[in-house]
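Undergrad: Provide a 3D model corresponding to the input given below.
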Amino acid sequence: MAILVTGGAGYIGSHTCVELLNAGYEVIIIDNLYNSNIESVNRIREITKKDIKFYPTDLIDRDYLESVFLENKIEAVIHFAGYKAVGESVKLPLDYYHNNVTGTINLCRIMQKYNVKKMVFSSSATVYDVYERGAICEDFPLKAYNPYGRTKLMIEEILRDLYVSDDSWSISLLRYFNPVGAHSSGLIGEDPQGIPNNLLPYISNVAIGKLPELQVFGNDYPTLDGTGVRDYIHVVDLALGHLKAIEKVLSTIGVNAYNLGTGNGYSVLEMIHIFEKVSGKNIAYKIVNRRPGDLAICYADPTKAKAELNWAAIRGIEEMCKDAWQWQLKNPHGYRTLESPKK
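TA: Numbering: from 1, shown residues only. Coordinates of the predicted model:
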């Protein structure tokens, strides 16, 4: 059974491909390598000892995309592909709307044409309205605050409308919180371009000496230590959530949204101290002003995913940090070079 994974060479996509292959699925990847590296595809093969088809294209090229459906018997799609940096989306909104939304429309048109009506969509917790309270449930009001988030919300609405027009579709909308960590082999992991936007890769970069210190945005929030609290989930647990979602869409119809998180929150300072413990490195940091729009506390209520997908995150925060550090040590410059870190 072939699963098409758009954006399958990326961070979450590559880990999901590993789990799909290990579960016996055939995997086909489409990726234009804008936010990823072809080396990740090679390493997926190395980890699983299985082959995968790779197509170097994006969803904007509709003719090429259709050729993928012509050449393969695709049963379902996991849709990761899209631009994903919040700050960049504010500077380049038209690029984000065109790539993310138009690309998804192209994908859905071709899926519809070839009667492939089963999709798992990589959404985000950014679709939720801002709350200064804890656990977020799937029925919370939705509102995005930047172009990146709005593309995710728009795509969710497009997919819901698609189901209203044709109720033979089966779609799972997976809303992520904060994916971290790496595969236990250290062969695949998060490889941000330039200065990382996310906390754990930033901490790793400081630990290995690529960056001088971490900026902590605010220490006056109403939390135990004054820093923001977030829900961090191991990327392998997240990948396994996609495996469960594929099983769901292959066996049912309808559109359902699921939070993929642990249901636990950790503050920025807690993350720093845990990383220091597992790495043996001192993490230099500096407190700076809050960022506009940042919440004090934000974590998932994953009850629905446990009940309907039979999925729950099982890896703890120390394992997340340990695997992230192992990836950093083995790949100090990501996929771009095999140089050793500075002593």
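
Undergrad: Using the three-state scheme, assign Ile314.
TA: coil (DSSP: H, G, I helix; E, B strand; the rest coil).

Undergrad: residue ranges of the helices in this protein, please?
TA: Taking DSSP state H as the criterion, the chain carries its helices at 11-22, 38-48, 62-71, 86-91, 93-96, 103-113, 147-165, 199-208, 235-251, 268-279, 303-309, 317-330.

Undergrad: Show me the one of the ones you listed that comes nearest Val288.
TA: The closest of the helices of the chain to Val288 is helix 268-279. By C-beta to C-beta, the value is 11.5 Å. Any C-beta I mention is one placed from the backbone N, CA and C, and that applies to glycine too.

Undergrad: ok so, going back, and of the helices of the chain, who's closest to Gly186?
TA: Smallest distance to Gly186 across the helices of the chain (C-beta to C-beta): 4.2 Å, for helix 317-330.

Undergrad: So which elements touch that closest one?
TA: In terms of contacts (3 or more C-beta pairs under 8 Å, 6 or more residues apart in numbering; DSSP states H and E), helix 317-330 is packed against strand 178-180, helix 199-208, strand 232-234, helix 268-279.

Undergrad: how about it: buried residues?
TA: The neighbour-count check on helix 317-330 (16 or more other C-beta atoms under 10 Å) flags Ile317, Glu319, Met320, Cys321, Lys322, Asp323, Ala324, Trp325, Gln326, Trp327, Gln328 as buried.

Undergrad: Stretch 18-34 now?
TA: Neighbour counts using 16+ other C-beta under 10 Å place 18-21, 25-33 of stretch 18-34 among the buried residues.

Undergrad: What of stretch 306-314?
TA: Neighbour-count burial for stretch 306-314 flags Leu309, Trp311, Ala312, Ala313 (criterion: 16+ other C-beta under 10 Å).

Undergrad: now stretch 291-306
TA: For stretch 291-306, by 16+ other C-beta under 10 Å, it's Leu295, Ala296, Ile297, Cys298, Tyr299, Ala300, Asp301, Pro302, Lys304, Ala305.

Undergrad: cool, and stretch 110-128?
TA: Buried positions in stretch 110-128, judged by neighbour count with 16+ other C-beta under 10 Å: 110-111, 116-128.

Undergrad: any idea how far Glu156 is from Ala23?
TA: Distance of Ala23 to Glu156, computed by C-beta to C-beta, to the nearest Å: 26 Å.

Undergrad: Can you list the low-confidence ranges for the stretch 101-250 of the chain?
TA: Along the stretch 101-250 of the chain, the model assigns pLDDT under 70 to residues 131-134.
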